[in-house]
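Engineer: pasting the sequence and the predicted coordinates here, then a few questions.
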2 protein chains.
Amino acid sequence: MYNQDALKKIVEKAISSLSYDTGSDRLTDPVKYVLSMGGKRLRPVLALMTCNIFSDKIDDAVIPAAGLEVFHNFTLVHDDIMDKADIRRNLPTVQSKWNVNQAILSGDVMAFIAIDCFLQSPPAIMHKVLRIFNRAAIDVCTGQQLDMDFEKSHIVSLDEYLVMIGLKTAALTAASARIGACFGGANDKNCSLAEEFGKNLGIAFQIQDDLLDLYGDTHVFGKALGGDIIANKKTFLFVKAMELAGNAQKKKLLELYTAGETDTSLKIKAVKSIYDELGIKTITENIAGEYVRSALSFLDLIEVVRERKAGMTEMINALLGRDY
Amino acid sequence: MYNQDALKKIVEKAISSLSYDTGSDRLTDPVKYVLSMGGKRLRPVLALMTCNIFSDKIDDAVIPAAGLEVFHNFTLVHDDIMDKADIRRNLPTVQSKWNVNQAILSGDVMAFIAIDCFLQSPPAIMHKVLRIFNRAAIDVCTGQQLDMDFEKSHIVSLDEYLVMIGLKTAALTAASARIGACFGGANDKNCSLAEEFGKNLGIAFQIQDDLLDLYGDTHVFGKALGGDIIANKKTFLFVKAMELAGNAQKKKLLELYTAGETDTSLKIKAVKSIYDELGIKTITENIAGEYVRSALSFLDLIEVVRERKAGMTEMINALLGRDY
């Protein structure tokens, strides 16, 4: 069986082997750039590892798995335009290195390069794989819409937040796991369990991402800390804090999130101090942990000998930085 | 057999029947808006009419044909951002009615709504149809890239221009005709002939579009005349004029196309007067005509009794406003 490192190498090789048969370097240079920026390659690794739970043969799944990463990066390129983000993974974003138009168009072509990867699936499962992927792609767009809507609403409930990341983040991790299971020849029941596993895992990762945006290590995280606070993002931390805050804290948080131009480091400090008063860091870690445990309970139900799932648990522990 | 009007009605009905199962009206309102703006529905009608050449049964092709229109409108929504266009078909563009971010995201979801339409093809031809479509989608992006590149280069040769519209416009009309032929059960040879037919027709339509931008009827055309000149677009008219112009005319054209902020109506008048000196209108009509005749020669080679192709010739005459 393959471990996380081995799968990541396979994914990197597959991504760099993709040929962009477009005839325009100007169009594909940003695509190559963004795909070479690195990252955890979570979605394709998750797909291949799920496939590997059911089957020793993962070859057919490699290019479609790369397609998941291409699609994910397409959403990042467009999200960075919408967020006016200049830096990602310590490097200039496409819209900042080139320009907005180039980022729109290079993003667009990535959507179809992703489809091209899925079209290389074996005929027997291609239709199924494409349907799973395409449903997730639409969900991811809806999630991004909800995230944009949240910028305009002062109050976002925890339920609304969970619906949003369920679509924006977890729909694709769910699809990745389900697609992987499909390639591994899993039956419908196991495919559904894999999907639920991927969904809960995606929610856990997003909550942890929200946490790392403020409490992470800048160097590892790849951008300055507190970016979500500067952008008034309704993250898990903010939503949970608003739920728990007393009237004075709530008023202060809202003021901080609705004030115009302010000293950003003061703003981050002020919001963080309320989070700290409320114990948001620990609460967030605990809730992320609950989603991981929920994911693992679905993994547990998958009807395959336990040993085949050990690599997955190992990967999750490594990515979350603690043992579950 | 179906004529153009009947097919357009079928297409309109199919487009308005599409359900956008996203759960966010904010995301899909711009999609509904742009798809209800009207237009010739050239690509789906072309697909259905090509299907109908080979088969009386066109039902299976209707939703995939609508997918071609959804994709085409996705490219328009994003092109309008890149061109900073406020008006299309006499109505505000998505980016002007909503905003750039909404136009990016609603455009994105249309790409996957289009894929969803193709996923409703019968299993036996779905893979083939998706491959044809996806190749065209990538080509359309490349064509848009070349068009953007042209904005920065003073001199664009006629060959470069033809490569650009071959990708930006004709790749999708070619795919539409080929996909239609597939649905009609045509053999490979006839599918390829249909594709060549669609390709030449697309080039002819684009050249005519370039012509109508300056010499058309504002009301019918749906936007103010001369927009391409204001935007310094390297249209067929400009490229051909630069090819035929004497040194003084060439110098003047380049000056007009590189000057910064100027009185737009004076600029249009000055460029048009050079075009008129060079007889560009007639030359353009003639070249568009050559591409139509080339398209018709491929239609002629399609191995189906002549009567089944009569509706296509009729539609082309109606769309081009003269008899071929």
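Structural biologist: Received, thanks.
Engineer: and A:Tyr257, what does it touch?
Structural biologist: A:154, A:232, A:238, A:271 (CB atoms under 8 Å, 6 or more residues apart in numbering or on different chains). Heads up, the C-betas are built off the backbone N, CA and C, glycines and all.
Engineer: got a list of what the last one touches?
Structural biologist: Neighbouring residues of A:Val271 by CB under 8 Å, 6+ apart: A:226, A:229, A:238, A:253, A:256-257.
Engineer: phi, psi of the one residue in the stretch 201-324 of chain A that gets nearest to chain B?
Structural biologist: Going by CB to the nearest CB, chain B is nearest to A:Ala231 of the stretch 201-324 of chain A, at 13.1 Å. Main-chain torsions, A:Ala231, degrees, to the nearest 10: phi -80, psi 10.
Engineer: wait, it touches A:Asp80, no?
Structural biologist: No: if you go by CB atoms under 8 Å, A:Ala231 and A:Asp80 don't touch, sitting 11.8 Å apart.
Engineer: using PDB, write out every CA atom in stretch A:33-40.
Structural biologist: Output of stretch A:33-40 as PDB, limited to C-alpha atoms (Å, rounded to 0.1, in the frame of the first residue of the first chain):
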ATOM      1  CA  TYR A  33       2.800  28.700 -12.100                       C
ATOM      2  CA  VAL A  34      -0.100  28.100  -9.800                       C
ATOM      3  CA  LEU A  35       0.200  24.300 -10.000                       C
ATOM      4  CA  SER A  36       3.900  24.500  -9.200                       C
ATOM      5  CA  MET A  37       3.300  26.500  -6.000                       C
ATOM      6  CA  GLY A  38       3.000  23.300  -4.000                       C
ATOM      7  CA  GLY A  39       0.600  22.800  -1.200                       C
ATOM      8  CA  LYS A  40      -0.600  19.600   0.500                       C
END
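Engineer: in it, what's buried?
Structural biologist: For stretch A:33-40, the neighbour count (16 or more other CB atoms under 10 Å in any protein chain shown) marks A:33-35, A:37, A:39 as buried.
Engineer: also stretch A:150-159?
Structural biologist: A:150, A:156.
Engineer: for it, what is the average pLDDT?
Structural biologist: Per-residue pLDDT over stretch A:150-159 has a mean of 90.
Engineer: quick one, what contacts A:Arg26?
Structural biologist: A:102, B:145, B:149 are the contacts of A:Arg26 under CB under 8 Å, 6+ apart.
Engineer: in helices only, show me the residues you listed.
Structural biologist: A:102, B:145, B:149 (DSSP state H).
Engineer: need the buried ones from those selected in PyMOL.
Structural biologist: This is how PyMOL selects the buried members of the ones in helices among the contacts of A:Arg26, with burial counted by 16+ other CB under 10 Å:
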select buried, (chain A and resi 102) or (chain B and resi 145+149)
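Engineer: my read: A:Lys199 touches A:Leu167, true?
Structural biologist: No: A:Lys199 is beyond contact range of A:Leu167, at 10.4 Å (criterion: CB under 8 Å).
Engineer: tell me which element the closest residue to A:Lys40 other than its chain neighbours is part of?
Structural biologist: Using CB to CB, 6 or more residues apart in numbering or on different chains and skipping residues adjacent in sequence, the residue nearest A:Lys40 is A:Leu319, 6.9 Å away. Secondary structure from DSSP states H and E places A:Leu319 in helix A:310-320.
Engineer: how far is that helix from where the chain is centred?
Structural biologist: Remark: helix A:310-320 is offset 16 Å from the chain centroid, using CA atoms, centre = their mean, to the nearest Å.
Engineer: which residues are in contact with that helix?
Structural biologist: Outside helix A:310-320, the residues that reach it (CB under 8 Å, 6+ apart) are A:1-4, A:40, A:42, A:45, A:49-50, A:52-53, A:201, A:204-205, A:208, A:288, A:292, A:295-296, A:299, A:323-324.
Engineer: quick one on the thing from earlier: looking at A:Ala231 and A:Asp80, which is more packed in?
Structural biologist: A:Asp80 (22 against 15; other CB atoms under 10 Å in any protein chain shown).
Engineer: list the contacts of the more buried one.
Structural biologist: A:88, A:93-96, A:103.
Engineer: at 7 Å what do you get?
Structural biologist: A:88, A:93-95 (CB atoms under 7 Å, 6 or more residues apart in numbering or on different chains).
Engineer: related to what we said a few turns ago, isn't the residue of the stretch 201-324 of chain A closest to chain B right next to A:Asp83, touching?
Structural biologist: Yes: counting by CB atoms under 7 Å, A:Asp83 is a contact partner of A:Ala231 at 6.5 Å.
Engineer: quick one: the strands in chain A?
Structural biologist: Shown for chain A, the strands assigned by DSSP state E span residues A:87-88, A:91-92.
Engineer: quick check: residues of chain A near chain B?
Structural biologist: A:22-24, A:26-27, A:78, A:81-82, A:101, A:104-105, A:108-109, A:111-112, A:115-116, A:119, A:123, A:126-127, A:130-131, A:134, A:137-138, A:141-142, A:144-146, A:148-149 (CB under 7 Å from any CB of the partner chain).
Engineer: these in helices, which ones?
Structural biologist: Reading helices off these with DSSP H, I get A:26-27, A:78, A:81-82, A:101, A:104-105, A:108-109, A:111-112, A:115-116, A:123, A:126-127, A:130-131, A:134, A:137-138, A:141-142, A:144-146, A:148-149.
Engineer: which one in chain A is furthest away from the centre?
Structural biologist: A:Ala248 (34.0 Å; CA atoms, centre = their mean).
Engineer: related to what we said a few turns ago, which of the contacts of A:Val271 ranks first by neighbour count?
Structural biologist: A:Phe238 (25 neighbours).
Engineer: from B:Asn101, how far out is that one?
Structural biologist: The spacing between A:Phe238 and B:Asn101, counted by CB to CB, to the nearest Å, is 21 Å.
Engineer: same question, A:Leu237
Structural biologist: Counting by CB to CB - A:Leu237 and B:Asn101 are separated by 24 Å.
Engineer: looking at the two, which is more packed in?
Structural biologist: Taking other CB under 10 Å, A:Leu237 and B:Asn101 do not tie; A:Leu237 has more neighbours (25 against 20).
Engineer: pLDDT score assigned to that one?
Structural biologist: pLDDT at A:Leu237 comes out at 98.
Engineer: in this structure A:Gln95 contacts A:Ile81, no?
Structural biologist: Yes: in terms of CB under 7 Å, A:Gln95 counts as a neighbour of A:Ile81; the distance is 4.8 Å.
Engineer: what stretches of the stretch 201-324 of chain A score poorly on pLDDT?
Structural biologist: The stretch 201-324 of chain A contains residues with pLDDT under 70 at A:219-223.
Engineer: show me where it has its helices.
Structural biologist: A:218-221, A:227-230, A:236-244, A:247-258, A:264-278, A:280-301, A:310-320 (DSSP state H, counting those that start in this stretch).
Engineer: mind giving me the packing neighbours of the second one?
Structural biologist: Going back to what we said before, that points to helix A:227-230. The contact analysis (3 or more CB pairs under 7 Å, 6 or more residues apart in numbering or on different chains; DSSP states H and E) places helix A:227-230 against helix A:188-215, helix A:264-278.
Engineer: highest mean neighbour count out of the ones you listed?
Structural biologist: Most buried of the helices and strands packed on helix A:227-230, by mean neighbour count (mean count of other CB atoms under 10 Å in any protein chain shown): helix A:188-215, with a mean of 22.
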